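Participant: quick one: sequence and predicted model below, then my questions.
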Amino acid sequence: MKTARLIYNPTSGREQIRKNLAYVMERLEKAGYETSAHATTPEEGCAKRAARRAAERGYDLVIAAGGDGTIFEVVNGLAELDDRPMLGIIPAGTTNDFARALGISKDITKACDVLCGDHIEPIDIGKMNDKYFINIAAAGALTELTYEVPIKLKTLVGQLAYYIKGLEKLPQISPTSVRIEYDGKLFEGDIMMFLIANTNSVGGFEKLAPRASLQDGMFDFLIVKKTTFTEFIQVAGLALRGEHINHPKVMYAQANRVKVEVLDGEAEMKLNLDGERGGSLPAEFVNLYHHFQMLTPVERDKKKLENAETDH
Ligand SMILES: Nc1ncnc2c1ncn2[C@@H]1O[C@H](COP(=O)(O)OP(=O)(O)OP(=O)(O)O)[C@@H](O)[C@H]1O
């Protein structure tokens, strides 16, 4: 019999998983999985350790149920292993960027349909030094917003909370001098920020990384070069509509490997990995092609076909 380990955050979102735990377990059992569950605690790395333990015990399927923070930890617990179990998710967080990128519904019944189905796809993840990420790695102006916006404000006004905090922080932004190698090319200069995206769903900005795909072994790589205050606002405004990549102060490329170092010894650029603090530069980012096998919605095939048709 197949085995599944459900690693869930009982507090994420509106405690959706905790309230529906019996339903989820029942669905998985009916689909032929002998299932057990682990509730995470606030202790840092709890979901990561639980995921690793599950893999070591030989579970066939590990399910991360919670927000992007929980998925990030589960992926970090499994990514280094040679024998990685199949990955599944139940989106139950505030942002759920990763689930949105995969087209997995927040509706628990639909999310269970995906877990109980047999539509499996290989997906890429990112590696930064010895850490892993699923959506995005970023550094520079405004990238610290994800942990600076108070949870209460997020609950109250949702996405708007980021814009409010962003406006508050804008006057403080300044450039950093960096050297970046990406797939054999070189960029040296002053930048406001950079983004390395594995999915096109980043903090609610769905057009920030227009060509990012979870299955092509490449990142969408964006640099915002040194700008004036007005230019930066202009770029941010264009980014909302996905029209920023042609702005003269934006450099956009696709790359499998990106290495970034700060040139000014005094300066520091802190990294944000999937909304979590990721340490500081220098760093090397590598796209790990098809690193996980994942249960995904069947409808993705139709969507991919449509996208392929519009591309030609
Ligand atoms: N039992 C728990 N009680 C309180 N906090 C917890 C518990 N389990 C996990 N956490 C914390 O929850 C955070 C991860 O939250 P998660 O990403 O799952 O949901 P979210 O923050 O609601 O959603 P999102 O990340 O999508 O915005 C981690 O900081 C983790 O330490």
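Facilitator: Alright, I've got the coordinates.
Participant: residues contacting I245?
Facilitator: Contacts for I245 (C-beta atoms under 8 Å, 6 or more residues apart in numbering) come out as P210, L222, Y252. Heads up, the C-betas are built off the backbone N, CA and C, glycines and all.
Participant: measure the closest residue to the first one other than its chain neighbours to N200 for me?
Facilitator: Translated: P210. Of all residues not flanking P210 in the chain, G242 sits nearest, at 5.7 Å (C-beta to C-beta, 6 or more residues apart in numbering). According to C-beta to C-beta, to the nearest Å, G242 and N200 sit 9 Å apart.
Participant: ok, D301 next?
Facilitator: 18 Å.
Participant: with I17 instead?
Facilitator: For I17 relative to N200 (C-beta to C-beta), the value is 26 Å.
Participant: same question, A55
Facilitator: 29 Å.
Participant: just the closest residue of the stretch 1-150 of the chain to the ligand, please.
Facilitator: G67 (2.0 Å; C-beta to the nearest ligand atom).
Participant: from what I can see that residue touches Y8, true?
Facilitator: No. Taking contacts as C-beta atoms under 8 Å, G67 lies outside contact range of Y8: 10.9 Å.
Participant: list residues touching both of those two?
Facilitator: A92.
Participant: returning to that earlier point: between I17 and N200, who's got more neighbours?
Facilitator: I17 (27 against 21; other C-beta atoms under 10 Å).
Participant: since we're on the residue nearest to P210, how many residues are nearby?
Facilitator: 14.
Participant: how about it, what does it touch?
Facilitator: Applying C-beta under 8 Å, 6+ apart, the residues near G242 are E206, K207, L208, P210.
Participant: go on, I136?
Facilitator: D97, L195, I196, A197, N198, T199, V202, G203, A209, N272, L273, D274.
Participant: and those residues, which is closest to V258?
Facilitator: Among the contacts of I136, I196 lies closest to V258 (C-beta to C-beta), at 5.7 Å.
Participant: contacts for stretch 249-261?
Facilitator: So stretch 249-261 is contacted by 139, 178-183, 185, 187, 194, 196, 211, 217-227, 231, 235, 244-245, 269, 281-287, 289 (C-beta under 8 Å, 6+ apart).
Participant: now, of those residues, which are buried?
Facilitator: 139, 178, 180-182, 187, 194, 196, 218-225, 227, 231, 235, 244-245, 269, 281, 283, 285-287 (16 or more other C-beta atoms under 10 Å).
Participant: inside strands: which ones of those?
Facilitator: Secondary structure from DSSP state E places 139, 178, 180-182, 187, 194, 196, 219-225, 283, 285-287 of the buried ones among the contacts of stretch 249-261 in strands.
Participant: circling back: out of G67 and Y8, which sits in the busier spot?
Facilitator: Taking neighbours as other C-beta under 10 Å, G67 and Y8 compare with Y8 leading, 25 against 22.
Participant: ok, and the closest non-adjacent residue to that one?
Facilitator: A65 (3.8 Å).
Participant: check what pLDDT the one you found gets.
Facilitator: For A65, the pLDDT comes out at 97.
Participant: does it belong to a helix, a strand or coil?
Facilitator: Under DSSP: H, G, I helix; E, B strand; the rest coil, A65 falls in the strand class.
Participant: count of neighbours near it?
Facilitator: Neighbour number of A65 under other C-beta under 10 Å is 33.
Participant: with E73 instead?
Facilitator: Counted with other C-beta under 10 Å, E73 comes out at 26.
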